[in-house]
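>>> fold the following and give me the result.
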Amino acid sequence: MSHHIANYTAEQAQFQELINTADNPNILMFQGASGSGKSHLIDHCLRTVPKDSLPVVQLRLQSGGETIPTLFNIIGSKIGRAKLPTFSQRLAGLIGKTAEADEAIWKMQLRRQLRKIGHNSDLDTRQDWYQQLTDSFFADAEAFDQPLLLALDTYEQSSSEFDQWFRDEFLYGVAQTPNLRVLVGGQTLPEPLPEWSEVATVQKLLGVTDAKEWMVWAEQNGIQVQSLEYLAGICAALEGKPSKIIQFLSTLPKQATSGQNGAESTADRRKRLRQSIAQAFDVDDLKVICFDMEIEFEDFSQKKKVLIVDFMRHLERVGRVEEFIKRCRLDRPHLEW
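The predicted structure is shown next:
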């Protein structure tokens, strides 16, 4: 599917201001009901960040996960030990180790050390350790040579422990640290506190009902729509919810191509994606991907070749091909996606 996103132009402008303006506000939050297009909007915004302009750390919260250790782990893995000297020393000290000087070994140990802290069953001790790590992280962030963008999605999945820490400690630190930018999306959001609410922008996503915007989206994705009036009725019936509109539009016939080369190009792209999936993942890998993406694996054939075809058809039907490809680029960057 095309990288074009229907409407939400004001929200996209807010994101550009977030990453391009040195002054506050440096916290941007998108709130909306299921199907309002939060994840699609966040993914689109992140794709517009110029490559190498600033590091981007993205995390989709999952119910039951050790989210605080996971967040610190992906930040550390993204920006490296050299930018986190205070954090690295404090983490090693908490578990009675010496901070590893070798970058590759440090990254290998980072996840295990953070998980060890997350597994501490004593709540008071665990929270004290998280506080020490948080203070150390912000001490390092003050010296970052370029801003860091942190994007959190599906905030409604956050645990009460993560929500309290993120609201009371992390966002307070972000408000005091010009080098950090935070983007949050969810059906629910952290409750604003006076310590950081003045540097935060909260934008409610109410859906995209403008049929003209969806007509542009359909055209860029090669989808044939019989009329603007027909599309306006669809948008109204589906309450402007992007996920439902995309799912519906994906069932419509494709526009006729002007020549054979266009059809071959589309076929070649699908073939390359199918071959890359087959090379990169086994059946168990695809099971995990389906679980993470909340897709019913049991709906597909258990034979790998047919499974991949079924899976690709499902992604095309619900408009999630780009979301899947983005994950593949992170998990298997050595392949062409």
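>>> which residues does the one residue sitting closest to the centre of the chain contact?
Taking C-alpha atoms, centre = their mean, the centroid of the chain lies closest to Gln58, which sits 4.9 Å from it. Contact analysis of Gln58 by C-beta atoms under 8 Å, 6 or more residues apart in numbering lists Leu46, Ala151, Leu152, Asp153. C-beta coordinates here come from the backbone N, C-alpha and C atoms, glycine included.
>>> what's the average pLDDT for stretch 87-99?
For stretch 87-99, the mean per-residue pLDDT is 91.
>>> then stretch 285-303?
86.
>>> and it, how far out from the chain middle?
20 Å (C-alpha atoms, centre = their mean, to the nearest Å).
>>> check stretch 91-108 too.
From the chain centre to the centre of stretch 91-108 is a distance of 28 Å (C-alpha atoms, centre = their mean).
>>> could I get the phi/psi values of Val182?
Per-residue torsions, Val182: phi -130, psi 130 (degrees, to the nearest 10).
>>> could you pull up the residues touching it?
Applying C-beta under 8 Å, 6+ apart to Val182 gives the contacts Asn26, Ile27, Leu28, Leu149, Leu150, Ala151, Leu152, Leu171, Val174.
>>> what's the most distant pair in the contacts of Gln58?
Leu46 and Leu152 (11.7 Å; C-beta to C-beta).
>>> out of these two, which sits in the busier spot?
More crowded of Leu46 and Leu152, by other C-beta atoms under 10 Å: Leu152, with 26 against 17.
>>> from His314, how far out is the more buried one?
26 Å (C-beta to C-beta, to the nearest Å).
>>> so Leu18 touches Pro25, yeah?
Yes: under the criterion of C-beta atoms under 8 Å, Leu18 makes contact with Pro25 at 7.5 Å.
>>> what segments of the stretch 201-337 of the chain are helices?
211-220, 228-237, 242-249, 260-280, 283-292, 304-318, 321-331 (DSSP state H, counting those that start in this stretch).
>>> low-confidence ranges in the protein?
Applying pLDDT under 70 to the chain picks out residues 1-7, 255-266.
>>> hmm, try it at 50
Within the chain, the segments meeting pLDDT under 50 span 1-3, 258-264.
>>> how does it divide into domains?
For the chain, automatic domain parsing gives the domain ranges 9-204, 211-249, 260-331.
>>> is the residue nearest to the centre of the chain in a helix, a strand, or coil?
On the three-state scheme (DSSP: H, G, I helix; E, B strand; the rest coil), Gln58 is labelled strand.
>>> His334 versus that one, what's the distance?
According to C-beta to C-beta, Gln58 and His334 sit 20 Å apart.
>>> am I right that Leu152 is in contact with Pro190?
No: under the criterion of C-beta under 8 Å, Leu152 makes no contact with Pro190, lying 9.6 Å away.
>>> where do the contact lists of these two overlap?
Residues touching both Leu152 and Pro190 comprise Val184, with contact defined as C-beta under 8 Å, 6+ apart.
>>> so which of the contacts of Val182 is the most crowded?
Highest neighbour count within the contacts of Val182, by other C-beta under 10 Å: Leu152, with 26 neighbours.
>>> tell me the SS of that residue?
strand.
>>> do you know how far the nearest residue to it once chain neighbours are set aside is from Asp163?
Excluding the flanking residues, the one nearest Leu152 by C-beta to C-beta, 6 or more residues apart in numbering is Val184, at 4.9 Å. Noted for Val184: a distance of 11 Å to Asp163, by C-beta to C-beta.
>>> neighbour-wise, which of these two wins?
Legend: neighbour count by other C-beta under 10 Å for Val184 and Asp163, higher for Val184 (25 against 18).
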